[in-house]
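Engineer: starting from these lines, generate the structure:
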Amino acid sequence: MSEKLRGHYLGGGAVTCSLVTKDSILATVKCSLLSYSLKNGALTHVQSLGDSEITGLAQSQKNSQQLMVSSRDGNVSVWDTTDWTLMKRVSVGETVSHLLVPNTGSSFFAITRATEAGKVLTRIRKFNSVSLAHETDILLIKKECGNFAVSPCGLFVIFTRETRVRVVNTTTCATFTRYEHDHHFVSSAVHPSMPIAALGDTDGRVCILKNWTTKGEESVDKNHWHANSLPALSFAPNSGVLFTGGAESVLVKWLDGEPQFLPRIGTAITHLHVTQDSVVVVTDDSVIHVVKLNTWSIQFTIANILRRSDVTEEGFSRDVFPVGEDGVIFAGTHGQLQMFDSKNRCNKGVVDVTHQNKVTGRDKNKKLSYIDVQHFKVSPDGSWMVTIERRDDGFITPECRLKFWTMGDDNNTWTQEACIDSPHTKVVTSLCLGHTTGRTALTTSSDKQVKVWVNEGSGWTMSHTLTHRHGPAFCAALSSDGSVAAVAYKGLVTLYSTVDWQDRGEIGVSVSRSDQMILSGYNLLIRAEDLLSCWDLTTLSLVWEVTSPITYILPLEQRNFLAFSLRQNRLTDVFVFSTKSPEPLHVHKFVCPGSVRGACVTGAGDVVMATGEQELYSLATTPPLPLALTLPEEDVVPTVFSELLKITHNPPTAAPVAIQIGVRASKARAILDVSSSAMPPVSSICMKVLEDFLPG
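Structural biologist: Okay, here's the model as predicted:
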């Protein structure tokens, strides 16, 4: 293959930076930028701004159509937002953590961080806004600092270092301490026209620092309503009214020191931006709410990909499966799954699996415990789905439910078909689906049982319970024709015939726990820890194995598959393997940041990858087609939150999408340009070979 495959960002992840311009809302996730219409929330553009995480966004003082961007690799660049072309780029030489652009003047400030001899050095550096030339270094701080803000005229920079507030004059480079506090500061904002600064601390207090630009005349007022850390502060550009938000999910407007509330934004607030007539609120699930100031109500909500607040923790499924032609389904927030249109890069809806009310805790030291979707799988034809939900807070008896779902005719609605309480007495370790005498699901558990659930048309029942001397089962796999099942126990994989569910053979593996298995033709692929192995089912012998930190394997047709490997620098490589040889057919390095924990082939034949941080990438040689820049005429774009927020609209009628069985893998293999000999179906060998030639 001559062309290199790359992961092209589709959506998801944590919003690291945000900016509101005259017409747009800009949000960044790692090295990608998403642009939304401020009028109606429509996604207008997705742009990759390089290979490094974006750390700062600001509008140019000279041209409102130019965007200044700083990144972790030490670059500051200027982009033309009319056609998203790179105009200029300069290397600062150190990691840029903040970008400060005053309202007037011809200079901007870059806050850089470096480590020398084990110590963190922070520098305030001044650059020319037109040429990006370095003018001077304002200040060297031999410690790590938290937040920075610049006065509107650019004459002063205020910054926090733990509990201390300091001010530096950008002309004389003189510094002085303005205020000593009893809690660490986590946020700061500067009044648009007066020498007033607001600072939020870890205890939820707002410190109003007045006359902070004049030494000896400063004064401090304190307001305290928030109970948790206060990461979001912003002043209104015209009135100078202060808005705050934090973990309570409540937007607060302060008038003469008295709070007014817009409660239950959704989840913890991380960013705030105030325009002339609205407040843009970004929450930690990467949802953007636009609040009208004149009505003090939510105008519309932008939900690209919903993100969990505890995305780095285990306990929920990272799988992704195709739905319809261009859609995928994967984990949403607590107790939910979400469907995403990979072509139009928008959220198609939410499947509320657990039907639980979500509350916000006022106690910052107490972690709330939710019922979560621990496992879920979608059938190969996309017509039905199985979920396993669990709640265990360590105090009460754990809850566990097995639920069966069917897809509606619109290819966008899931309906619960059956629910089974406590399918196992201990934690369910895996789930796999297939078709034997009917729709079939296998659940493995640490209670040393494997249960077979079958629906032959009259409802779901448990048909068999499998046990083994090697104790708990960790994962299972069904062949594509449903005739063979493989179950991984401790240090052992057992093969079963699905006719009578009797043991037909065993494979001793070198690892105690297998994380993923795939039955591919005559072969069994096993992914475990840092080992990937291929086994011959006819002889129960090892064909080959490779050592690599493989995080996920995705089967294609003709016994080919993709293996996603995580490098030490947290970038993923993709290997194209055949079951014939341990030598990869193709290697594509640095396809996407993060760890790929799930992948699938959509109905249109595109490979979509899901990372552990709920980010989606498409794997292709060229980026997805650009979105249409023509904005819809409606003032409100319907979202999955419309009913909750009581927004009126005329919902569009979704046309049914035909699911074409067998097209997905074929097109994906054509994209990867991989060829191999055709294999006979597993059904032609499984019964004869497994019964006649394998040891009983």
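Engineer: make it CA atoms for all contacts and neighbour counts henceforth
Structural biologist: Noted.
Engineer: can you give me the helices in the stretch 551-696 of the chain?
Structural biologist: Taking DSSP state H, counting those that start in this stretch to define them, one finds helices in the stretch 551-696 of the chain at 642-645, 663-672, 683-692.
Engineer: what is the burial count for the closest residue to E325 other than its chain neighbours?
Structural biologist: The spatial neighbour of E325 that comes closest, neighbours along the chain excluded (C-alpha to C-alpha, 6 or more residues apart in numbering), is G603 at 4.1 Å. Using other C-alpha atoms under 10 Å, G603 has 26 neighbouring residues.
Engineer: and G603, what pLDDT?
Structural biologist: Each residue has a pLDDT score; the one for G603 is 88.
Engineer: quick check: the gap between it and A303.
Structural biologist: 23 Å (C-alpha to C-alpha, to the nearest Å).
Engineer: what's the answer for C419, then?
Structural biologist: C419 is 29 Å from A303, by C-alpha to C-alpha.
Engineer: S565 now?
Structural biologist: 30 Å.
Engineer: equivalent analysis for V90, please.
Structural biologist: Distance from V90 to A303, counting by C-alpha to C-alpha: 34 Å.
Engineer: those two: which is more packed in?
Structural biologist: Neighbours per residue (other C-alpha under 10 Å) separate V90 from A303, with A303 holding more: 21 against 15.
Engineer: center of the protein, which residue is that?
Structural biologist: Q614 (2.3 Å; C-alpha atoms, centre = their mean).
Engineer: what sits against it?
Structural biologist: G12, G13, R307, V311, R318, A331 (C-alpha atoms under 8 Å, 6 or more residues apart in numbering).
Engineer: where in the stretch 501-650 of the chain is pLDDT low?
Structural biologist: Judged by pLDDT under 70, the stretch 501-650 of the chain has its weakly predicted residues at 626-650.
Engineer: strands along that one, start to end?
Structural biologist: 502-508, 516-520, 523-528, 531-536, 541-547, 550-555, 560-566, 571-578, 581-593, 596-601, 607-611, 615-620 (DSSP state E, counting those that start in this stretch).
Engineer: could these be laid out in a markdown table, adding distance to L140 and mean neighbour count?
Structural biologist: Putting the strands of the stretch 501-650 of the chain into a markdown table (distance: least, C-alpha to C-alpha, whole Å; neighbours: other C-alpha atoms under 10 Å) gives the following:
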| stretch | distance to L140 | mean neighbour count |
| --- | --- | --- |
| strand 502-508 | 61 | 18 |
| strand 516-520 | 51 | 23 |
| strand 523-528 | 49 | 22 |
| strand 531-536 | 48 | 20 |
| strand 541-547 | 46 | 15 |
| strand 550-555 | 42 | 22 |
| strand 560-566 | 37 | 22 |
| strand 571-578 | 33 | 22 |
| strand 581-593 | 32 | 18 |
| strand 596-601 | 39 | 25 |
| strand 607-611 | 38 | 25 |
| strand 615-620 | 37 | 25 |
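Engineer: for T387, which of those is the nearest?
Structural biologist: strand 596-601 (16.1 Å; C-alpha to C-alpha).
Engineer: which residues does the closest one contact?
Structural biologist: 318-322, 551-554, 564-566, 572, 607-612, 664-665, 668.
Engineer: just stretch 207-220 next, same as before
Structural biologist: Contacts of stretch 207-220 (C-alpha under 8 Å, 6+ apart): 156, 167, 176, 178, 195-200, 221-223.
Engineer: swap in 6 Å and give it another go.
Structural biologist: With contacts defined as C-alpha atoms under 6 Å, 6 or more residues apart in numbering, stretch 207-220 is touched by P195, I196, A197, A198, L199, D221, K222.
Engineer: in these, find the pair that's most separated.
Structural biologist: P195 and K222 (16.4 Å).
Engineer: who has more neighbours out of these two?
Structural biologist: More neighbours surround P195 than the other of P195 and K222, with 16 against 13 (other C-alpha under 10 Å).
Engineer: and the more buried one, what does it touch?
Structural biologist: Contacts of P195 by C-alpha under 6 Å, 6+ apart are N211, W212.
Engineer: low-confidence ranges, the stretch 201-350 of the chain, go.
Structural biologist: For the stretch 201-350 of the chain, counting by pLDDT under 70, the residues that fall below are 312.
Engineer: now do the strands in the stretch 201-350 of the chain.
Structural biologist: Using DSSP E, counting those that start in this stretch, strands in the stretch 201-350 of the chain cover 205-210, 219-224, 232-235, 242-245, 251-255, 258-262, 269-274, 278-283, 287-292, 297-303, 320-323, 327-331, 336-341, 346-352.
Engineer: which strands and helices sit next to the fourth one?
Structural biologist: Translated: strand 242-245. Of the remaining helices and strands, those touching strand 242-245 by 3 or more C-alpha pairs under 6 Å, 6 or more residues apart in numbering; DSSP states H and E are strand 232-235, strand 251-255.
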